[in-house]
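> Kindly return the folded structure for what I paste below:
(2 chains)
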Amino acid sequence: MTGNEKKIIDVKNLYISFGKLEVLRGITEHVNKGEKMVIVGPSGSGKSTFLRCLNLLETPTKGQIWFDGVKITDKKTDVNKIRQKMGMVFQQFNMFNHLSVLQNITLAPMKLLGLSKEDAEKRADKLLERIGLSDKKYEYPRRLSGGQQQRVAIVRALAMEPKVMLFDEPTSALDPEMVQEVLDLIKQLAQEEMTMVIVTHEMGFAKEIATRVLFMDEGRIVEQNPPEEFFSNPQSPRLKDFLSKVL
Amino acid sequence: MLDTFNRVFIANDMYKVYLLGLKNTLYIAVGACILGFVIGAAIAFVRIAPKNNIVIKILEPIAKLYVTIIRGTPVVLQLLIIYFVILKSLNYIWGGVFVGIVTFGINSGAYMSEILRAGLNAVDKGQMEAGRSLGFTWGQTMWRIILPQGIKNALPTMFNEFIMLLKETSVAGYIAIIDLVKASRMVTSQTMEVFGPLLIVAVIYLVMVLGLQRVHRILERRMGKGDR
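Numbers count the residues shown, from 1 in each chain, chains lettered A, B, ... in the order given. Take a look at the predicted model:
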């Protein structure tokens, strides 16, 4: 138990193909509790697919994943229960457009955790206050800006009190002036010991928030290091090339 | 003019003939509408459900065949086949109205399934992913998140189908049901007036369709809360 206690996600030899296309080619990696792992890489490198494998939104072709000591790739594991403990934030926000902001946040805690309406709304109120959107709680998502929608989407995931948060390019669909408010919220979360796995194109943000940065290319993890080392002293030619283009 | 109206509607309690026709038309239309919706929803479910279940795998080709056959043949023919072939061979005398409900329900179900399927498929894939990522099952996400948005998408085409169904029941006379059109023919044969009874029945249909449109508008407004 000693070595494993710190690991919250453990991935062994993960492969996934879509038809003939091999997207992940053997990934073995782990995430420790409290870690903020940032994954970067060119588009098509498999980083989003890897992230989506972690809560089984994509089904791996081969390999195993453990979450909090439970082998989630096992057919007998109740994936829905596991997902309650892994919050996910999407590039396209994916707010439930037919529900108000408040209902978006309270739906899952009420139906899945069995919270009463009052308790769920209390929880939602606190979260909304924190992101400064209390006055929008009865609005419908389409009346919110992209940045506001994404922040609500983040607290919607937080309302389930997950152990890990997965971010799939959370700022890529935002207008430039709204990127900062979302990044600031994620940074705040990072300071609260939340374990995070983040796929992003924001290198400055990665440098600032990550405890470890991974570089993926062609379905493999090519290189990884703490951010200072990663950005200042890249080893592989692919990463050097990549950084020279994005920095 | 007034005299004609008197003869085809008021004299000899002639309006009772229309009322009988209206009653049967409504029974068939409402019954078939409900049956059609249930069948349509069931087929749409089978066709969009994940294909990892053996029952779904077996049901899907059956559902497809059903839609193909029903959409590929005229409703009058279906009415005649069900009335004169299938039910007669069961040696059982069914009421005409009941046969009407079953036939038009089966017919409408095929169209309704495609309407619902299109509406549900038009909901962004990210909605399902967001629901699943929170821990909802496929069924829960479908029910609470996809369905409310999908039905809203399908509403205009759904009401189009309801209106067509209501008017299509006018062929029920083929199996000796006294529906509105048949009622008008009966009045004609008693009064020798052709235009009057047809006009009256046309107005009744029009009023019913206007009512349906009104219901559509109300529902659309109520479901449109999340727009803009």
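> for the chain, which helix is longest?
Picked chain A for this. Ranked by residue count and defined by DSSP state H, the top helix of chain A is helix A:176-191.
> To clarify, I was referring to chain B.
Chain B, longest helix under DSSP H: helix B:15-48.
> Which helix or strand lies directly C-terminal to the longest helix of chain A?
strand A:195-199 (DSSP states H and E).
> which residues sit against that next one?
With C-beta atoms under 8 Å, 6 or more residues apart in numbering or on different chains as the test, strand A:195-199 has contacts from A:8-9, A:31-40, A:47-48, A:50-51, A:54, A:163-170, A:186, A:189-190, A:206, A:209-210. C-beta coordinates here come from the backbone N, C-alpha and C atoms, glycine included.
> again, but for stretch A:46-62
A:9, A:11, A:13-17, A:23-24, A:27, A:39-41, A:65, A:67, A:72-73, A:79, A:82-83, A:86, A:88, A:164, A:166-169, A:197, A:199, A:216, A:218-220, B:129, B:132-133.
> Also stretch A:119-136?
A:101-102, A:105-106, A:109-110, A:115, A:137, A:143-144, A:148, A:151-152, A:154-155, A:158-159, A:185.
> Buried residues in stretch B:123-131, which are they?
The neighbour-count check on stretch B:123-131 (16 or more other C-beta atoms under 10 Å in any protein chain shown) flags B:Val123, B:Gln127, B:Met128, B:Glu129, B:Ala130, B:Gly131 as buried.
> How about stretch A:177-185?
Those would be A:Met178, A:Val179, A:Glu181, A:Val182, A:Leu183, A:Leu185, for stretch A:177-185 by 16+ other C-beta under 10 Å.
> And for stretch A:154-169?
For stretch A:154-169, using 16+ other C-beta under 10 Å, the buried residues are A:154-160, A:162-169.
> Please apply the same query to stretch A:55-72.
A:Asn55, A:Leu56, A:Leu57, A:Glu58, A:Pro60, A:Gly63, A:Ile65, A:Trp66, A:Phe67, A:Ile72.
> which residue is nearest the middle of chain B?
B:Cys33 (3.5 Å; C-alpha atoms, centre = their mean).
> Tell me the spacing between that residue and chain A.
24 Å (C-beta to the nearest C-beta, to the nearest Å).
> Can you check what pLDDT the model gives that residue?
Note on B:Cys33: pLDDT of 97.
> tell me the contacts of it?
Here B:Cys33 is in contact with B:Gly105, B:Ser108, B:Phe162, B:Leu165, B:Leu166 (C-beta under 8 Å, 6+ apart).
> Of these, which is the nearest to A:Gln92?
B:Phe162 (33.9 Å; C-beta to C-beta).
> Could you give the number of residues near the closest one?
23 (other C-beta atoms under 10 Å in any protein chain shown).
> Wait, it touches B:Leu212, no?
Yes - under the criterion of C-beta atoms under 8 Å, B:Phe162 makes contact with B:Leu212 at 5.7 Å.
> Give me the common contacts of the two.
By C-beta under 8 Å, 6+ apart, no residue touches both B:Phe162 and B:Leu212.
> Now the element after the strand or helix carrying B:Val97, going C-ward?
Secondary structure assigned from DSSP H and E places B:Val97 in helix B:96-121. Of the helices and strands lying after helix B:96-121 in sequence (DSSP H and E), the nearest is helix B:125-134.
> Off-centre distance for that following helix?
32 Å (C-alpha atoms, centre = their mean, to the nearest Å).
> Return the set of buried residues in the following helix or strand past that helix.
Going down the chain from helix B:125-134, the next helix or strand is helix B:138-141, by DSSP H and E. Judged by neighbour count (16+ other C-beta under 10 Å), helix B:138-141 contains these buried residues: B:Gln140, B:Thr141.
> Around chain B, pick out the residues from chain A.
A:55, A:57, A:80-84, A:86-88, A:90, A:92, A:94-99, A:107-108, A:111-112, A:140-143, A:153, A:156-157, A:160 (C-beta under 8 Å from any C-beta of the partner chain).
> Just the buried residues out of those residues, in PyMOL syntax.
Filtering these down to the buried ones (16+ other C-beta under 10 Å) takes a single PyMOL command:
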select buried, chain A and resi 55+57+80+82+83+84+86+87+88+90+92+94+95+96+97+98+99+107+108+112+140+141+153+156+157+160
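> From the residues of chain A next to chain B, which land in helices?
A:Asn80, A:Lys81, A:Ile82, A:Arg83, A:Leu107, A:Ala108, A:Lys111, A:Leu112, A:Ala153, A:Arg156, A:Ala157.
> May I see those organised as TSV, with pLDDT added?
Formatted as TSV, those follow (pLDDT from 0 to 100):
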residue	pLDDT
A:Asn80	96
A:Lys81	96
A:Ile82	96
A:Arg83	97
A:Leu107	98
A:Ala108	98
A:Lys111	97
A:Leu112	97
A:Ala153	98
A:Arg156	98
A:Ala157	98
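> biggest separation within these, which pair?
A:Lys81 and A:Ala153 (21.6 Å).
> so A:Glu202 makes contact with A:Pro176?
No - under the criterion of C-beta under 8 Å, A:Glu202 is not in contact with A:Pro176, lying 11.1 Å apart.
> Neighbour count for the two, which is higher?
Higher neighbour count among A:Glu202 and A:Pro176: A:Glu202, with 21 against 7, using other C-beta under 10 Å.
> Quick check: chain neighbours aside, which residue is closest to the more buried one?
A:Thr171 (6.1 Å; C-beta to C-beta, 6 or more residues apart in numbering or on different chains).
> Now do the contacts for B:Arg144.
Under the contact definition (C-beta under 8 Å, 6+ apart), the residues listed for B:Arg144 are A:Leu107, A:Lys111, B:Gly131, B:Phe136.
> closest to A:Asn233 among these?
Taking these together and measuring to A:Asn233 by C-beta to C-beta, the closest member is B:Gly131, at 43.0 Å.
> list the contacts for the residue nearest to that closest one when sequence neighbours are not counted?
Leaving aside its sequence neighbours, B:Gly131 sits nearest to B:Thr141 (C-beta to C-beta, 6+ apart; 3.2 Å). With contact set as C-beta under 8 Å, 6+ apart, B:Thr141 has these partners: B:Gln127, B:Met128, B:Gly131, B:Arg132.
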